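Asker: okay, sequence plus prediction incoming.
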Amino acid sequence: MRLIAFDLEGTLVKSVSGWVELHKRFGTWEKGKEYAELFFSGKIDYVKWAELDASLWKGHTRDEIMEWVESVEYMDGARELIDFLKNRDFKIAILSSGLMCLAGKVAKELGVDYVFANELIFDEKGVITGKVKPHVDFKNKGVILRELKEELKPKLTIAVGDGFNDIVMFEEADVSIAINPHEGVRGDYEVKSLHEVKEIIEEILNFVRL
């Protein structure tokens, strides 16, 4: 058995940041930028940042969130890559610091085995309460991947992502693949498409004969 962990936004789907995109939809981006600056300057932690962001959306509905979710497109080659991996005995995980509303839908549609993301809390009427369960922050993707490795004991672990919060995930993997990486992000391989990711994995499997 093999294990592969994907970042979601900018990796499997074309959305760059659900947090930012929803801020722009709901007209809360100016305040959202202030909260982001507080986080990146070290004045608040990730949990507080997520809570502050979610508080700005209080009163909006699950339907509004899902309208955005349904608008998000897959990266070219995503379905083909996932099918390829399933046929080669890979367990597949999504590790996203974005929202479960999107990550869960993608995981279900693609048949992904594990999905980790942050959950907005809705009331019984489907209205956002302003609360959030922040399961995945900017630092713990590595911890999550390590725990999966300990549970599954794969022969090979691959990580695919594009951002700074994917670096800790890369460090836990046997092979890291950076797709259209942000400046300063490096993997064992750097690619521009999921088609290239598939080609690299094919080469690795042929080489190591796992």
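Answerer: Thanks, I have it. Numbers count the residues shown, from 1 in each chain.

Asker: residues near residue 100, how many?
Answerer: Look at residue 100: counted by other CB atoms under 10 Å, it has 21 neighbours. To be clear about C-beta, it is placed using only N, CA and C from the backbone, and glycine gets the same treatment.

Asker: now residue 135, what's its secondary structure?
Answerer: Secondary structure for residue 135, judged by DSSP: H, G, I helix; E, B strand; the rest coil, is coil.

Asker: isn't it right up against residue 117?
Answerer: Yes. Using CB atoms under 8 Å, residue 135 is in contact with residue 117, at 6.7 Å.

Asker: these two: which is more packed in?
Answerer: Between residue 135 and residue 117, counted using other CB under 10 Å, the more crowded position is residue 117 (24 against 16).

Asker: which SSE is the more buried one in?
Answerer: Element membership for residue 117 (DSSP states H and E) is strand 114-122.

Asker: same for that strand, what does it pack against?
Answerer: In terms of contacts (3 or more CB pairs under 8 Å, 6 or more residues apart in numbering; DSSP states H and E), strand 114-122 is packed against helix 46-55, strand 90-99, helix 100-110, strand 128-133.

Asker: quick check: which of these is buried the most?
Answerer: strand 90-99 (a mean of 24; mean count of other CB atoms under 10 Å).

Asker: direction included, what does that strand pair against?
Answerer: Its sheet considered, strand 90-99 pairs with strand 2-6 (parallel), strand 114-122 (parallel) by DSSP bridges.

Asker: make TSV from the ones you listed and add mean pLDDT to it.
Answerer: Listed next are the strands paired with strand 90-99 as TSV, based on pLDDT from 0 to 100:
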stretch	mean pLDDT
strand 2-6	97
strand 114-122	95
